[in-house]
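# below: sequence and its predicted model.
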Amino acid sequence: MVVASRADPAGSRRPLVPLAFLHLMQARGTVRTPTSTSALSRSLRGFLRPFPSQVTYRKLRERMTIPRHLRTVWMLLVPLSWIAATSVHAQRRDDSPWSVSPSAALSLDPASWVQDMIAAGVRSVRGFSRPEPIAAAGLGLTGILTVPNAQARQTFPIDDLPGYRRYVTREVTRYKGIVRYWEVWNEPPNFSEDQSPASYARIVAAAYDAAKAVDPTVQIGLSAKSVHLGFMAEALDAGARGKYDYITLHPYETASLLQDNWEGPFLGIVPTLRTMLKDKDPARAKVPVWFTEIGVEVAEQGRQGVSLAEQADLLVKIYAMSLAQGVTRVSWFAPRDSEGTTHGLSWANGERKPAFNAYETITQSLGTRLVLGERRAQAGVQRVRDYHSVTRACTPVCRCGGCRS
């Protein structure tokens, strides 16, 4: 259910923001019934003022009138609002958390969707086939280092590491000054016949050395499918230690638990990763963490998924919980529906979904270049834990340390 809407030129009404987000503001009394994007943004900016220190979460909860099933979004955006109100704004476009990850088909025609993404507040794109329209629009770019050419065998190219180094050198040289971030492989060990962490470690080390030789300022991402930290830990032991600048994960499966309000596993992703890094690579224990693919599929044409309003609610929830635990970039998959999937912010024909409007609202309200320091992120998670401890609002599987349930 979506209650805030606006009229488009054709006279139909399109949702502006998910009901949970509206209830979030109503709980504090900063908005009654927003009727336009500007009114909603003004209301959100009012909501994002820091809460007085003497107001406890218990007192705030006592004033709540929102339904129980919507309280999780409220619970998570309270600490996020505190972080947003006390955070700094970056000067580089690369530092923005707002990003999208197009499908392979969409990456061939970025001109068809890039302006819509700019309107939503997106500041960078992860993955490209034609980077020129994206760079010309002023968006940052993240590249993916996979196989040297489409005809190459789909496996970690350990049989020809010199050839792989030449490929990395060629790509980094070609896009020098345009692409600063490069992930090594997409969701390893997916899309590789060789599933060995040791093989992946070898191409990570080769890519890192080759890329830095071209441009010492480029940043190399160590990757893993989903939140497969076991694979990543083995790769670190096998030679990837010290050969990366940031971490990328694709926590689709963990995000799917949020549909049933199981927040604990999702909030635990970064803390668990940090614990692993402290053990396996202490010098890199505080590297940035990016979710370079994440999304929620809409039930459409026989596909399993959620409703349009639920997708918008979950988008807000995912971004709130990601930023609160210190993730510095979150790339929504995808700008629009394509290749038979329905994760997009818009339908395949470009018509905007409620998720698009929710994305636009949070970027306008929090700022397109919001950057969270490590201390602020930790404090935000602590506020989620504090809320848990007084409300028992999390699930039995939550291991946040503050629960009594």
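Nice, thanks for sending it over.

# and Asp260, how many neighbours?
8 (other C-beta atoms under 10 Å). (Glycine included, C-beta is placed from N, CA and C.)

# I figured Leu236 hits Asp281, correct?
Yes - with contact defined as C-beta atoms under 8 Å, Leu236 counts as touching Asp281 (5.3 Å).

# pick out whichever of those two has more residues nearby.
Leu236 (23 against 20).

# residue contacts, that one?
Contacts of Leu236 were listed using C-beta atoms under 8 Å, 6 or more residues apart in numbering, and they are 201, 280-281.

# which of those fall in helices?
Mapping the contacts of Leu236 onto helices (DSSP state H) picks out 201, 280.

# can you add pLDDT and distance to Ser103 and give the contacts of Leu236 back as CSV?
CSV is the format used below for the contacts of Leu236 (pLDDT from 0 to 100; distance: C-beta to C-beta, whole Å):
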residue, pLDDT, distance to Ser103
Ala201, 98, 28
Lys280, 98, 32
Asp281, 98, 32
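
# which one of the contacts of Leu236 is nearest Thr341?
Ala201 (31.1 Å; C-beta to C-beta).

# what is the burial count for the closest one?
Neighbours of Ala201 (other C-beta under 10 Å): 24.

# just the one 4 residues further on next, same as before
Look at Ala205: counted by other C-beta under 10 Å, it has 21 neighbours.

# so it sits right up against Tyr244, yeah?
No - the pair Ala205 / Tyr244 is not scored as a contact, 9.4 Å apart, by C-beta under 8 Å.

# overlap in contacts of the two?
Counting by C-beta under 8 Å, 6+ apart, nothing touches both Ala205 and Tyr244.

# low-confidence ranges, the stretch 251-400 of the chain, go.
Applying pLDDT under 70 to the stretch 251-400 of the chain flags residues 368-400.

# ranges for the helices of it?
252-256, 264-267, 269-280, 308-324, 354-366, 374-391 (DSSP state H, counting those that start in this stretch).

# ok, the closest residue to Val114 other than its chain neighbours - contacts?
Nearest non-adjacent residue to Val114, counting by C-beta to C-beta, 6 or more residues apart in numbering: Ala137, 5.0 Å away. Contacts for Ala137 (C-beta under 8 Å, 6+ apart) come out as 114-115, 118.

# let me have the residues you listed in TSV, extended by neighbour count and distance to Thr248.
Shown next, in TSV, are those (neighbours: other C-beta atoms under 10 Å; distance: C-beta to C-beta, whole Å):
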residue	neighbour count	distance to Thr248
Val114	23	22
Gln115	12	26
Ile118	14	23
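
# take the residues you listed and keep only those in strands.
Among these, DSSP state E puts none in strands.

# from those, pick the one nearest Pro288.
Once C-beta to C-beta is applied, the member of the contacts of Ala137 that ends up nearest Pro288 is Ile118, at 23.5 Å.

# check contacts around the closest one.
137-139.

# which of those residues lies closest to Ile158?
So of the contacts of Ile118, ranked by how close each gets to Ile158 (C-beta to C-beta), first place is Leu139, at 33.7 Å.

# state the distance from the closest one to Lys176.
17 Å (C-beta to C-beta, to the nearest Å).

# got it, and Thr146?
19 Å.

# those two - which one has more neighbours?
Thr146 (20 against 13).

# wait, the more buried one sits on Asn186?
Yes - counting by C-beta under 8 Å, Thr146 touches Asn186, with 6.2 Å between them.

# still on that earlier bit, in a markdown table: the contacts of Leu236, plus distance to His250.
Formatted as a markdown table, the contacts of Leu236 follow (distance: C-beta to C-beta, whole Å):
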| residue | distance to His250 |
| --- | --- |
| Ala201 | 19 |
| Lys280 | 20 |
| Asp281 | 21 |
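
# could you dump the contacts of Ala137 to JSON lines with pLDDT?
As requested, those are exported to JSON lines (pLDDT from 0 to 100):
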{"residue": "Val114", "pLDDT": "98"}
{"residue": "Gln115", "pLDDT": "97"}
{"residue": "Ile118", "pLDDT": "97"}
